[in-house]
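Engineer: coords please:
(one chain, ligands or ions: 1)
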Amino acid sequence: MRATISASPVEAVLDALRAGDAITLVANGRDETLCAAIESHSPDTILARLGEPPDLRLAAPAAYLTASRGRSATIPAIVTHERGVLREPSVPEAAVDLARLAGLSGAVYLGRPPGDAAEGVVVDVAEVVSHRLRREGLVRRVTDPVTLPTPHGDFQATGYLDVSTDSEHVAIVNGYPFDESPTLVRIHSECLTGDVFGSRRCDCGEQLHAAMERIHAEGGVIVYLRGHEGRGIGLHNKLRAYRLQDSGHDTVDANLELGFPPDLRDFGVAGEILRDLGLRSIRLMTNNPVKPRALALPRQAHVHNLEIEEVVPIQTEPNAHNVRYLAAKAERMGHTLHIPEK
Ligand SMILES: [Zn+2]
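Structural biologist: Okay, the predicted model is just below:
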């Protein structure tokens with residue numbers, strides 16, 4: 001009889017691994033992999049359980065494989081990412097994360113479950129991701145606040161590290177600590193060309209400075225997210241996309257032509273930064289309908305519990321260079337922008 005696949009509480013999985021039992025990891029709701037910590041079973045006992053044909057692999061961090069070279073040389077090894085599922089949400093990373101969380105070495109045998117019955121405790125890779133997010137989060141505060149004097153006034157700047165991407169984000173704040181009323185917030189995606197050079201191909205620089213002006217006056221937070229160039233495709237690909245736009249593509253088509261989805265950014269980290277700053281309820285300055293939705297995703301909700309009380313639009317003046325770009329954002333991506341008729 002086929003076992004019903006349901007996500008087990010991760011604690012039960014850890015107990016099973018500590019007790020030397022094999023567990024079943026499920027990816028994408030169907031692919032099942034039998035996993036046992038290296039401390040629990042010799043390869044022979046796992047092979048005996050797997051039956052024929054043998055399909056045994058070892059998953060472990062590079063450091064473990066280097067230190068134990070030779071011991072399991074006959075078994076194919078998968079080197080897992082040191083950040084585990086937070087960087088790579090797949091079965092080998094999930095198995096190694098679970099073994100480490102159980103206090104074991106983090107080296108795990110993987111095999112195909114025999115027959116069609118899932119063995120032992122069953123857990124989904126997504127559940128391992130949620131567990132780690134709840135415990136650790138995606139961002140760490142890495143600096144204490146420091147004064148940042150700007151043309152708009154003084155802010156307090158605090159550095160955050162995104163552990164899944166190594167991006168160095170920053171929050172600039174005025175009016176901390178905040179009272180109970182909803183706090184004005186801008187989540188700004190890095191745009192080197194717009195923010196630093198004042199490129200008129202987009203309105204990022206203008207939006208940033210409008211937000212700084214208003215947030216300095218009313219109190220609030222700007223979360224500046226690095227690694228978001230060109231809606232996540234990177235600076236150089238953004239320059240390539242500009243060339244495509246010059247030959248007639250709009251901003252959405254240009255990204256698609258280069259093989260990227262229109263928007264690759266993940267705003268969940270911003271939610272964690274806002275919670276770290278003690279915010280519970282915010283007024284979000286944005287024209288982008290994705291940002292409030294991204295902050296309210298179920299995957300994120302249990303992590304940061306942010307209430308978005310109000311979405312506050314930022315209106316910038318279109319110019320001859322960015323009017324087509326702004327129109328594409330309004331028409332293709334649902335941004336709330338008023339584009340004047342020519
Ligand atoms: Zn820009």
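Engineer: what does the stretch 201-342 of the chain put close to the ion?
Structural biologist: Counting by C-beta under 5 Å from the ion, the residues of the stretch 201-342 of the chain lying close to the ion are 202, 204. Heads up, the C-betas are built off the backbone N, CA and C, glycines and all.
Engineer: what stretches of the stretch 201-342 of the chain score poorly on pLDDT?
Structural biologist: Residues of the stretch 201-342 of the chain that meet the criterion pLDDT under 70 lie in 230-232, 258-267, 294-305, 337-342.
Engineer: let's see 80
Structural biologist: 228-233, 250-268, 289-306, 315-342 (pLDDT under 80).
Engineer: ok, residue 203 to residue 194 distance?
Structural biologist: From residue 203 over to residue 194 the distance is 7 Å, taken as C-beta to C-beta, to the nearest Å.
Engineer: Then residue 33?
Structural biologist: 45 Å.
Engineer: ditto for residue 87
Structural biologist: Relative to residue 194, and taking C-beta to C-beta, residue 87 is found at 29 Å.
Engineer: Extract the residue ranges of the stretch 1-150 of the chain that are flagged as low pLDDT.
Structural biologist: In the stretch 1-150 of the chain (pLDDT under 80), the answer is 1-9, 28-29, 40-55, 68-74, 87, 113-120, 134, 137.
Engineer: neighbour count winner among residue 203 and residue 194?
Structural biologist: More neighbours surround residue 203 than the other of residue 203 and residue 194, with 24 against 21 (other C-beta atoms under 10 Å).
Engineer: Which of the three states applies to the spatially closest residue to the more buried one that is not a sequence neighbour?
Structural biologist: What sits nearest to residue 203 in space, not counting adjacent residues and going by C-beta to C-beta, 6 or more residues apart in numbering, is residue 316, at 4.4 Å. Following DSSP: H, G, I helix; E, B strand; the rest coil, the label given to residue 316 is coil.
Engineer: any chance you could map the helices in the chain?
Structural biologist: 10-18, 43-50, 62-67, 91-101, 125-136, 204-218, 229-232, 235-246, 251-257, 268-276, 290-295, 298-304, 323-333 (DSSP state H).
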